[in-house]
Structure formats: C-alpha cells, structure tokens
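Colleague: here is my input; please provide its structure:
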Amino acid sequence: MLQAYSSNISVAANTAYPLNNVTVEKGCSVVLSAPSTIQLNKRGLYCVTCDGYNTATAAGTVSTQLAVNGVLQPQAIAEYTGSTTAIGDFKFQTLVQVAQDNTNCCCTSPTTLQFINGATAVEDAHLNVVVTKLC
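Modeller: Numbering: from 1, shown residues only. Sure thing, here's the model as predicted:
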C-alpha cells in the first residue's frame, strides 16, 4: 500500500504530477520509484484512488488522467472546466491488473503508474494518491 501527495505545486500541460511526500508505504508491492512514477512490483489487482484540486492558468478543460506503462487509461480521468479565478477539484478511482511480478530477469519490468495533467497548465495544485493491492 502506498499513499503519496504533493501540495502547492505547478504542473505544466501534458506532464506528470510529481508526488513529493509519502505518508504510508507498507510492503514492497507498491513503491514511489521517482517523483512522478509509482511502481507496482507484484502481480495482482490494485485499487488506485486519486483526488485533488488546482487552479487553471487559462480557461478551458482541465484534466487529470492515469497512465499505466505510459498509456492513458480512458476509464481513469477527471475533468472540469477551469478558470484562472476558481479552484477546481477532481477525483477518480479505478482498478489496475498486473499480470506478472517484477523480477531481476531481463524479461520482466514493473508496471508503472503516472498521473498526467492534461492540456491546461495548473498552479497551486494538490494531488493525493492511494494505491492498495487487493489480491
């Protein structure tokens, strides 16, 4: 299990949110391997919950979307119409299935998760992520 978050950050358009703080890290199934990458090391089913808020730097659609191994997940996206004067909040929850363990063998690699900011840059952002291995 992993809970990580960032507060008061700015995120450019089409880039991953950094996660600067880890509040809970239990076991080795889920780890923060880089500031913007969560690594799933064991096969199984994971529940991914993401919530947060931010202010857009321009009017338009603001989105946060989960990427698994670099591929955006259509079922795991939160959108709102942003403005430079209002704070928008978002939340989504989804399941991610991992087919094999991450081992030292060159044939395997970890499944990675990133939370991607959409086409509108944001500031004063807060992102909270919880990843729990279900089975």
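Colleague: okay, CA-based contacts and neighbour counts for the rest of this
Modeller: Will do.
Colleague: need the three-state assignment for the residue of the chain positioned farthest from its centre.
Modeller: Distance from the C-alpha centroid of the chain peaks at C105, with 26.7 Å (C-alpha atoms, centre = their mean). Assigned with DSSP: H, G, I helix; E, B strand; the rest coil, C105 falls in the coil class.
Colleague: quick one, strands of this protein?
Modeller: Under the criterion DSSP state E, the chain contains strands at 2-11, 21-25, 30-34, 37-40, 44-56, 60-68, 71-82, 87-98, 111-117, 122-133.
Colleague: could you give the angle of the longest one to strand 60-68?
Modeller: What separates the directions of strand 44-56 and strand 60-68 is an angle of 160 degrees, with axes from the mean of the first three to the mean of the last three C-alpha atoms, to 10 degrees.
Colleague: strand 44-56: partners in the sheet, and parallel or antiparallel?
Modeller: Here strand 44-56 is paired, per DSSP bridges, with strand 87-98 (antiparallel), strand 122-133 (antiparallel).
Colleague: for the residue farthest from the centre of the chain, list the residues it contacts.
Modeller: Listed by C-alpha atoms under 8 Å, 6 or more residues apart in numbering, the contact set of C105 is empty.
Colleague: distance check, it against Q75.
Modeller: With distances defined as C-alpha to C-alpha, to the nearest Å, the gap from C105 to Q75 amounts to 31 Å.
Colleague: export the strands of the chain as TSV, with columns for mean pLDDT.
Modeller: What follows is those, written out as TSV (pLDDT from 0 to 100):
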stretch	mean pLDDT
strand 2-11	97
strand 21-25	97
strand 30-34	96
strand 37-40	97
strand 44-56	96
strand 60-68	95
strand 71-82	94
strand 87-98	95
strand 111-117	97
strand 122-133	96
